[in-house]
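Student: My questions are about this predicted structure, shown below with the sequence.
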Amino acid sequence: MKPPPPITTEPPVLHRIAARQAERARRPDGGIDTDRLLALVSATYAETDVDRRRSDRANRLMAQELEVALAESALQNLRFKAALDNMNQGLALFDASRRLVLTNQRFLDIYGLDHAVPGLTLDQLLSNSPCLSVSTADEHRRLVEEYDGAASAYGARIEQRWPDGRTITIERTRLVDGGFLDTVADVTEARNASARLAHLARHDALTDLPNRTMLRERLDEMMRNARSGDRCAMLCLDLDRFKLVNDTLGHPVGDALLVAVASRLVTLVRHHDVVTRLGGDEFSVLVQHVTSDHAIEQLCRRIIEALTQPFEIGGHHIQIGASIGVAMVEVDALDPNVMLRNADLALYSAK
C-alpha cells in the first residue's frame, strides 16, 4: 500500500513578501539587519495602504455613480408613470403569453378597478369590474369576449355600449416582442354631443318637433317606399291671435304657448304621422296612408277644436284658434316641393 502523498501548502502572499524582504535585509554574515527589515516592511504596508485607499475611493465613486444612476432611473420611472396616469386613454400592456405587464390609472378608472396584478389574463383582469358586473353573467362574458376577440384584429377599433350607459372604444396594437398594447377610451360625452347635434339639426330647438329638414327626409322616404294607390296629406296650419299674445304678454309666454300647442298636436295624430314646426307659429302635419278625404276633414276639425280650447300659461288664460290648409297627393306621384307649396297656398286661402 502506497503512502499518502505529502500535503503541501502554498505560503500566503504576505508571507512570501516577508520572506523576500528578509532576504533583502540579510547581512553578509547571515544575520538580519533589523532596521532595514522594518523599513522594507513599513514601505510595503504604506504601498498597501495607498492601494487600499485608492480602492476605497474607486468603490465610493462607483457607489455614488450607481446611486445617481438608480435615482435617475427611479425619476424616469416616476415621470413615465405620471405621464401614463395622466393620459385620457386607458392603457394595458400584455406580454407574448397574453398576460398583463402594466396598466395606467385611466384604464383602472374606466373599468372601476382598484388595482391590477401583473400576470393576469384579460379575462381575469376584468372579472371583478363593477362597471361590467351590472349586466348579467352572459352579458359580462359577451363584452369581454367581444373586446378580446374583435381587438385581436390588430389596428381595428371596436365600440361597445356598456350596461351602465357608457360608450367605450378599444384598439389593440401589436408589439415586436409578440405582446400587445390595448388602448381604451370613454367616448360617451363625445357620442352624446354628436347625437345631440344630429338631433338639433333635424328638430326644432323650442318644441323639439321635427323641423323642415326631417320633414323632407320623411317625404323622400315615402317616395322611395311608395305603393300604388297610397295617398298622403299635408296639413299646414298657423295660430290665430298668436301675435297678440306675443305683443301683450311677451315672448316667453308666446314660446311657452308654442310648446303647449305642439304637445296637443302630437296627441291628435297617429304614431307614423309627422307633426312639424315650420317656423314662427306655423306647423304642419304629414298624414300617411290616407283612407278618405272625410278622414282628413275630421282630423282638421279635431285639431281646430283642440287648439281653440283655452291654454293656461304662466297664470294667464289664453284662447287662440287655428287655420288649416290641406294638400292631398298620390304618394307615387309625390313632389315634396309642389306638395309643400300647395299646402301653403291652401292655408293662405283658409285664412
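Tutor: That came through, no problem.
Student: Buried ones in stretch 191-199, by neighbour count?
Tutor: Neighbour-count burial for stretch 191-199, with 16 or more other Cβ atoms under 10 Å as criterion, is recorded at no position. In this view, the C-beta of every residue, glycine as well, is placed from N, C-alpha and C.
Student: can you check stretch 133-146 too?
Tutor: Ser133, His140, Leu143, Val144.
Student: which one is Ala260 nearest to, not counting chain neighbours?
Tutor: Phe311 (5.3 Å; Cβ to Cβ, 6 or more residues apart in numbering).
Student: That neighbour is in contact with Ala262, isn't it?
Tutor: No - if you go by Cβ atoms under 8 Å, Phe311 and Ala262 don't touch, sitting 11.8 Å apart.
Student: Low-confidence regions, the stretch 1-150 of the chain specifically.
Tutor: 1-19, 21-22, 25, 29-86, 134-135, 150 (pLDDT under 70).
Student: ok, and what's touching stretch 119-132?
Tutor: By Cβ atoms under 8 Å, 6 or more residues apart in numbering, the surrounding residues in contact with stretch 119-132 are 92, 94, 98-100, 103, 110-113, 116, 139-140, 143-144, 147-148, 162-164, 166, 182.
Student: Need the buried ones from these selected in ChimeraX.
Tutor: Here is the ChimeraX command that picks out the buried ones among the contacts of stretch 119-132, judged by 16+ other Cβ under 10 Å:
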select :92,94,100,103,110,111,113,116,140,143,144,147,148,162,166,182
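Student: In strands only, show me the contacts of stretch 119-132.
Tutor: Secondary structure from DSSP state E places Ala92, Phe94, Leu100, Thr103, Asp182 of the contacts of stretch 119-132 in strands.
Student: so the second one touches Val101, yeah?
Tutor: It stands for Phe94. Yes - with contacts defined as Cβ under 8 Å, Phe94 counts as touching Val101 at a distance of 6.3 Å.
Student: what's the overlap in contacts for those two?
Tutor: With Cβ under 8 Å, 6+ apart, Phe94 and Val101 have common neighbours Gly179.
Student: Please name the residues that touch His316.
Tutor: Taking Cβ under 8 Å, 6+ apart, we find His316 in contact with Leu249, Val253.
Student: try 6 Å
Tutor: Residues counted as contacts of His316 (Cβ atoms under 6 Å, 6 or more residues apart in numbering) are Leu249.
Student: Next one: it from Asn225, what distance?
Tutor: His316 sits 44 Å away from Asn225, going by Cβ to Cβ, to the nearest Å.
Student: just to revisit the earlier point, was I right to think the residue nearest to Ala260 contacts Ile318?
Tutor: Yes - Phe311 is within contact range of Ile318, at 4.6 Å (criterion: Cβ atoms under 6 Å).
Student: Mind checking which of these two has more residues around it?
Tutor: Ile318 (20 against 17; other Cβ atoms under 10 Å).
Student: Return the per-residue confidence for Asp186.
Tutor: At Asp186, the predicted lDDT confidence score is 90.
Student: excluding its backbone neighbours, what's nearest His115?
Tutor: Leu108 (7.0 Å).
Student: again, but for Ala116
Tutor: That would be Thr103: by Cβ to Cβ, 6+ apart, it lies 4.6 Å from Ala116.
Student: Touching, the one you found and Ala92? I think so.
Tutor: Yes - here Thr103 reaches Ala92: they are 4.7 Å apart, a contact under Cβ under 6 Å.
Student: can you give me the helices in the stretch 101-250 of the chain?
Tutor: Using DSSP state H, counting those that start in this stretch, the helices of the stretch 101-250 of the chain run over 105-111, 122-126, 130-133, 137-151, 188-202, 212-224, 242-249.
Student: Reformat those as a markdown table; add distance to Leu235.
Tutor: Shown next, in a markdown table, are the helices of the stretch 101-250 of the chain (distance: least, Cβ to Cβ, whole Å):
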| stretch | distance to Leu235 |
| --- | --- |
| helix 105-111 | 50 |
| helix 122-126 | 54 |
| helix 130-133 | 48 |
| helix 137-151 | 45 |
| helix 188-202 | 20 |
| helix 212-224 | 12 |
| helix 242-249 | 17 |
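Student: of these, which approaches Asp344 most closely?
Tutor: helix 212-224 (12.1 Å; Cβ to Cβ).
Student: buried ones in that closest one?
Tutor: By neighbour count on 16+ other Cβ under 10 Å, the buried set for helix 212-224 is Met214, Leu215, Arg216, Arg218, Leu219, Met222.
Student: And the pLDDT at the second one?
Tutor: This points to Leu215. For Leu215, pLDDT reads 91.
Student: can you pull the pLDDT of the closest residue to it other than its chain neighbours?
Tutor: Of all residues not flanking Leu215 in the chain, Thr276 sits nearest, at 4.6 Å (Cβ to Cβ, 6+ apart). In this model, Thr276 is scored at 95, pLDDT.
Student: Surely Thr276 touches Val285?
Tutor: No - taking contacts as Cβ under 6 Å, Thr276 lies outside contact range of Val285: 7.5 Å.
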